[in-house]
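> let me see the structure of the following:
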Amino acid sequence: MITRPEFDRFASPNERRAIIREDLGVYHAVVVAAIYDFPKQTQIDSPATFFYPVEKCIERHPFLCVSIKDTHTEKPFYERVHVIDLENHVSIETSKLPSDNLLAVEHMVATILDRPFSPGNPPWRVVVVPLESTRCLVAFGFSHGIGDGPTGTAFHRTFLKACGNWTSIQSPASRMVETPSRQLPHPFDTPERLPISWSYLLAPLLKSLLPRFIASLLGLSVSVSTMDANTWAGSPVLNTPTGSHSKIKVREIEGSHLEKARSVARKHDAKLTGTIHQLILRALDKAVQNPAITRFVSQTPINMRRSIGISDDEMGNFISGCYMVHERVDSSQPLSEANWAEARIATRKLAECAATLQDQPVGLLRYVSNIRNWTLGKLGQGRDCSFEVSNVGVFDIIEDGVNPQARLEKMIFAQPGHVLSAPLCFNFVSVKGGSMIYTMTWQVGALGVPCDEEDQFVEEICSALDAEFGRIE
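Numbers count the residues shown, from 1 in each chain. Just a heads-up that it's a prediction; the model follows:
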């Protein structure tokens, strides 16, 4: 049996961006977790219980079989690891946690977000947190260098399906797993998939050189953010960040409020994510007291898998981004037709971005000669947006093979607070027929308020957002 790692391929520009950011210590683990309910006889306090479903994930997903090499260079690459020791990747968290499940989730996810991965091993981990006798949190934490947010939901689809083979779960499973001989999928952000026009490539440069009204007359625009003194952006990026110091809040929107929001949005020809942008703006209007702030800029990661005809079950980085400028709204009044018009515009822009391969912002990264220097160039600068909205969608437990042996109840999605980008990240995931859980993550010192007031500031935003979901009409 071959045990020496085997070269697979070099990282693409967007993969390099994620890998280098992690190597600099400013972004570590994306986390997609789920609360499972297992049969009474399940030993949820034993890592070996979960070896079989994790092994099935390894067999299905090539990105779980690779380590990342030369992360300190401009040419990092992926190596296939032929044997994986599951004891290095699956652990049981036994520390005392709050009795409230969401608080326990919040505490546990916070410990995973900023935890570096061991060099030489595939950069992912599964942390199991027993909650009650048969219920536990299964948290899948992984490097952004091997996947985006939907990579986490793909993991849980495979994991849940494997839990249907209860005989195999109850049988002793080997900790040593031989990986299948499968190459990684081709990267998404190639020139063939993401063509860039000359006008799109040159627009940022020309817009910076020409007066705004002339640039507007010439039709020069590009889907990257435009910030000014009246745009809220928290604090500037630190000159010398000392790693990643993420904080997190976890909140739940009950299923009845979620379905009502979807229904009302449909009546206004909008979708949920476009509507969420408006609800967040209303929450920020309540929390941001500075009257000089008149605008916010959002960035929204877009899942591009369907645009190239691949399944959401495929792990990897298949995302681009959509930036939108929003005028400040008046949250003292109910949602108006003007607010719904903006929700419709956001819905349309997000749909257009998801269906268009030409002139995607992520395609511009291949023109950056040195991504490490470009990343370091953000230090000490203003941020490029006000907040991020990342929605990995609805997990359909019926379609995805739920069975009486193991039941997935809720899901949680989180990422580290951004050191270099949005001061606030809103991360959403829901279970079909159930609730939606969102996390808000941020870096200590990024919000433009004293550090000892950050929790109160975020709590005010979350409470306002929860209230907006409750009274949407």
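> for the chain, give me the ranges with low pLDDT.
The model of the chain has pLDDT under 70 over residues 1-3, 166-172, 204-225, 398-404.
> skip the chain neighbours and tell me the closest residue to the residue positioned nearest the centre of it.
Computing the C-alpha centroid of the chain and ranking residues by Cα atoms, centre = their mean puts Gly149 first, at 4.2 Å. Once flanking residues are discounted, Gly149 sits nearest to Val392: 4.3 Å by Cβ to Cβ, 6 or more residues apart in numbering. Every residue, glycine included, has its C-beta placed from N, CA and C.
> residues making contact with the helix or strand containing the one you found?
Assignment of secondary structure by DSSP states H and E places Val392 within strand 387-395. Among residues not part of strand 387-395, those counted as contacts by Cβ atoms under 8 Å, 6 or more residues apart in numbering are 32, 34, 149-150, 152-153, 156-157, 272-273, 276-277, 280, 284, 296, 298-301, 303, 408, 411, 413, 415, 418, 421-432.
> same question, stretch 450-470
Among residues not part of stretch 450-470, those counted as contacts by Cβ under 8 Å, 6+ apart are 247, 249, 251, 253, 257-258, 261, 279-280, 282-284, 286-287, 331, 424, 438, 440, 442, 444-445, 447, 449.
> please enumerate the helices of the chain.
With helices called from DSSP state H, the chain shows them at 13-23, 51-60, 101-113, 149-162, 166-170, 198-209, 212-217, 255-267, 272-287, 337-355, 371-376, 454-471.
> need the ones you listed in CSV (columns: distance to Asp45).
CSV is the format used below for the helices of the chain (distance: least, Cβ to Cβ, whole Å):
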stretch, distance to Asp45
helix 13-23, 31
helix 51-60, 14
helix 101-113, 15
helix 149-162, 18
helix 166-170, 15
helix 198-209, 54
helix 212-217, 62
helix 255-267, 30
helix 272-287, 37
helix 337-355, 42
helix 371-376, 41
helix 454-471, 32
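> His82 is nearest to which of the ones you listed?
His82 lies closest to helix 51-60 among those, at 11.6 Å (Cβ to Cβ).
> tell me what that closest one is packed against?
For helix 51-60, the contact count by 3 or more Cβ pairs under 8 Å, 6 or more residues apart in numbering; DSSP states H and E identifies helix 149-162, helix 166-170, strand 176-178 as packing neighbours.
> now do 10 Å
Counting contacts by 3 or more Cβ pairs under 10 Å, 6 or more residues apart in numbering; DSSP states H and E, helix 51-60 packs against strand 83-85, strand 90-92, strand 124-130, strand 135-143, helix 149-162, helix 166-170, strand 176-178.
> got the angle for that helix vs strand 124-130?
What separates the directions of helix 51-60 and strand 124-130 is an angle of 150 degrees, with axes from the mean of the first three to the mean of the last three Cα atoms, to 10 degrees.
> now helix 51-60 against helix 149-162, angle please.
Using the same axes, to 10 degrees, one finds that helix 51-60 and helix 149-162 are set 130 degrees apart in direction.
> how distant is helix 51-60 from the center of its chain?
Centroid separation between helix 51-60 and its chain, computed with Cα atoms, centre = their mean, to the nearest Å, is 23 Å.
> tabulate the CA atom coordinates of it in PDB.
Coordinates of the C-alpha atoms in helix 51-60 are reproduced here as PDB (Å, rounded to 0.1, in the frame of the first residue of the first chain):
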ATOM      1  CA  PHE A  51     -16.100   6.500  12.300                       C
ATOM      2  CA  TYR A  52     -18.400   4.700   9.800                       C
ATOM      3  CA  PRO A  53     -20.400   7.800   8.600                       C
ATOM      4  CA  VAL A  54     -17.200   9.900   8.400                       C
ATOM      5  CA  GLU A  55     -15.500   7.100   6.400                       C
ATOM      6  CA  LYS A  56     -18.400   7.300   3.900                       C
ATOM      7  CA  CYS A  57     -17.900  11.000   3.600                       C
ATOM      8  CA  ILE A  58     -14.200  10.400   2.900                       C
ATOM      9  CA  GLU A  59     -15.100   7.900   0.200                       C
ATOM     10  CA  ARG A  60     -17.600  10.300  -1.400                       C
END
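> ok, and for it, which residues are buried?
Applying a neighbour-count criterion of 16 or more other Cβ atoms under 10 Å, one finds Phe51, Tyr52, Pro53, Val54, Glu55, Lys56, Cys57, Ile58, Glu59, Arg60 buried in helix 51-60.
> now stretch 239-252
Neighbour-count burial for stretch 239-252, counted by 16+ other Cβ under 10 Å, picks out Pro241, Ser244, His245, Ser246, Lys247, Ile248, Lys249, Val250, Arg251, Glu252.
> same question for stretch 421-433.
Of the residues in stretch 421-433, those scored as buried under the neighbour-count criterion (16+ other Cβ under 10 Å) are Ser421, Ala422, Pro423, Leu424, Cys425, Phe426, Asn427, Phe428, Val429, Ser430, Val431.
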